[in-house]
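A.B. asks: Any chance you can model this:
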Amino acid sequence: MAKKIIKLSFLIILVPLAVILGVVVFKDRSYAWVSLCVALFSLVPLFLTFERKDTNTTKLVILAVMIALSVAGRFLFSFIPHFKPVTAMVVITGIYMGYEYGFICGAFTALISNFIFGQGPWTPFQMFAWGLIGLLAGLLAKILQKNIIILLIFGALAGVLFSFLMDVWTTFWYDGTFNFSRFIANIVTAIPVTITYAVSNVVFLFVLIKPIGKKLERIKIKYGL
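C.D. replies: Predicted structure coming up:
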């Protein structure tokens, strides 16, 4: 229990704190360092889960594959604005591998794919937003695995959460301060994008959860994960 509290503290306290301090103190001047801090904080819970060397290696390989698929999916669907399989891949990773791996999949998908789509002060926010979705999916894994309807509802809400968190960055972007009325205005303006996020998550989760989930389950049984 103590180890779990420490791991969650890194992911839901230190990571967002680093993101907020980065945007408030450094603005857009040191986003690369903020992204690095987010990446390092994301890895700490992973190191705390290491037990047997052979198991760790297998899990890392699977994680690397899931991140690669997530990045590739974002690239392949780049011609459709805001309609991407990233969240679905992150959610599936969290469900079948645990919340630590879900967070890392989300955070590193944003970091790596932005070498293609463009790095900027938005990157740490994307890392935290997708990472948080993976973390929540891992914590709710038992519920999400049992009922496809609940899973799809979670996917839709994850799209709303991602949009809201990115609206926080948009609000800070103007002058480095958080103005609530401006935040609400950003949310209202982004409604079409938020709906697209939600719909895309539902579609990709519905399509991908069974084939990818079954493969991950087989791998877990085969290697005793």
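
A.B. asks: Residue 138 touches residue 94, doesn't it?
C.D. replies: Yes: Residue 138 lies in contact with residue 94 (C-beta atoms under 8 Å); the separation is 3.7 Å. C-beta coordinates here come from the backbone N, C-alpha and C atoms, glycine included.

A.B. asks: In the chain, which residue is most central in space?
C.D. replies: By C-alpha atoms, centre = their mean, the chain has its centre lying nearest to residue 130, at 2.0 Å.

A.B. asks: what's near enough to touch it?
C.D. replies: Neighbouring residues of residue 130 by C-beta atoms under 8 Å, 6 or more residues apart in numbering: 86-87, 90, 105-107, 109-110, 162.

A.B. asks: I'd like to know how far it sits from residue 3.
C.D. replies: 24 Å (C-beta to C-beta, to the nearest Å).

A.B. asks: now swap in residue 45 and tell me
C.D. replies: Noted for residue 45: a distance of 9 Å to residue 3, by C-beta to C-beta.

A.B. asks: neighbour count winner among these two?
C.D. replies: residue 45 (23 against 10; other C-beta atoms under 10 Å).

A.B. asks: Isn't that one up against residue 11?
C.D. replies: Yes: taking contacts as C-beta under 8 Å, residue 45 lies within contact range of residue 11: 6.1 Å.

A.B. asks: Can you work out which residues contact both of those two?
C.D. replies: Common neighbours of residue 45 and residue 11 (C-beta under 8 Å, 6+ apart) are 100, 103.

A.B. asks: Below-threshold pLDDT in the protein: ranges please.
C.D. replies: 1-2, 26-30, 50-55, 175, 225 (pLDDT under 70).

A.B. asks: In it, which helix is the longest?
C.D. replies: Ranked by number of residues, the top helix in the chain under DSSP state H is helix 191-223.

A.B. asks: And that one, how far out from the chain middle?
C.D. replies: 13 Å (C-alpha atoms, centre = their mean, to the nearest Å).

A.B. asks: what helices or strands is that helix leaning on?
C.D. replies: helix 53-76, helix 86-97, helix 148-175 (3 or more C-beta pairs under 8 Å, 6 or more residues apart in numbering; DSSP states H and E).

A.B. asks: got the CA coordinates for the second one in CSV?
C.D. replies: Taking only C-alpha atoms (Å, rounded to 0.1, in the frame of the first residue of the first chain), the coordinates of helix 86-97 have been written out as CSV:
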residue,chain,number,x,y,z
VAL,A,86,-4.1,7.3,-29.1
THR,A,87,-6.4,7.4,-26.2
ALA,A,88,-7.8,3.9,-27.0
MET,A,89,-4.2,2.5,-27.1
VAL,A,90,-3.4,4.2,-23.8
VAL,A,91,-6.6,2.9,-22.2
ILE,A,92,-6.0,-0.6,-23.3
THR,A,93,-2.4,-0.4,-22.0
GLY,A,94,-3.7,0.8,-18.6
ILE,A,95,-6.3,-1.9,-18.4
TYR,A,96,-4.1,-4.9,-19.3
MET,A,97,-0.7,-3.8,-17.9
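
A.B. asks: Could you tell me the angle between it and helix 191-223?
C.D. replies: Taking axes from the mean of the first three to the mean of the last three C-alpha atoms, to 10 degrees, one finds helix 86-97 and helix 191-223 inclined to each other by 30 degrees.

A.B. asks: same question, the longest one
C.D. replies: Interaxial angle of helix 148-175 relative to helix 191-223 (the same axes, to 10 degrees): 130 degrees.

A.B. asks: Quick one: residues in contact with the next helix or strand after helix 148-175.
C.D. replies: Note on helix 148-175: by DSSP states H and E, the next helix or strand toward the C-terminus is helix 180-189. The contact list for helix 180-189 (C-beta under 8 Å, 6+ apart) reads 163-164, 167-168, 170-171, 174, 194.
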